[in-house]
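>>> mind looking at a prediction? Sequence and model below.
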Amino acid sequence: MRANLLLSTCVAATGIAAPMGLSFSLGPMAGATPLQSFAAGAALCATSLGTTFTVLGTSGLVSTRLGTVLSTAAMLDDVVGLIMVHIVSSLGRDAASIAAAVIVRPALVSLAFVVLGGGSSSR
């Protein structure tokens, strides 16, 4: 997994940036506010690890480099998706003020889970 981390990060970033960019570019056409556009982009970023692992397992790609890259990217996308859900729910309560803790705290918690849980992986 560590050997493919850069490639997995690039794949995950694409899976996050494309839906977010799309939602913000199409938001004005739909009359959506920036918060609504962000929420729509966050919803589009969500991946399904179950679906990813099922497709990789049935196709026999789990143990290949492609399978490792895709599963790692899906995990990274899910972590970022959880952070975005927390941000959207926090902004929904008080959209007028965005405290740094709303973004930084879930990011640090997720990073801690990756660092602490990363050593137990057998791949």
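Everything's here; your move.

>>> just give me the residue right at the centre of the protein.
D77 (2.5 Å; Cα atoms, centre = their mean).

>>> state the distance from that one to A101.
23 Å (Cβ to Cβ, to the nearest Å). Glycine gets a C-beta too; all of them are placed from N, C-alpha and C.

>>> just to revisit the earlier point, could you tell me the model confidence score at the residue nearest to the centre of the chain?
pLDDT recorded at D77 is 83.

>>> how about A43?
82.

>>> next one: S110
pLDDT, read off for S110, is 69.

>>> the helix or strand containing M20: which residues count as buried?
Counting by DSSP states H and E, the element that carries M20 is helix 5-30. Neighbour-count burial for helix 5-30, counted by 16 or more other Cβ atoms under 10 Å, picks out 8, 11-12, 15-16, 19-20, 23, 27.

>>> and the longest helix for this structure?
The single longest helix within the chain, with elements called by DSSP state H, is helix 65-93.
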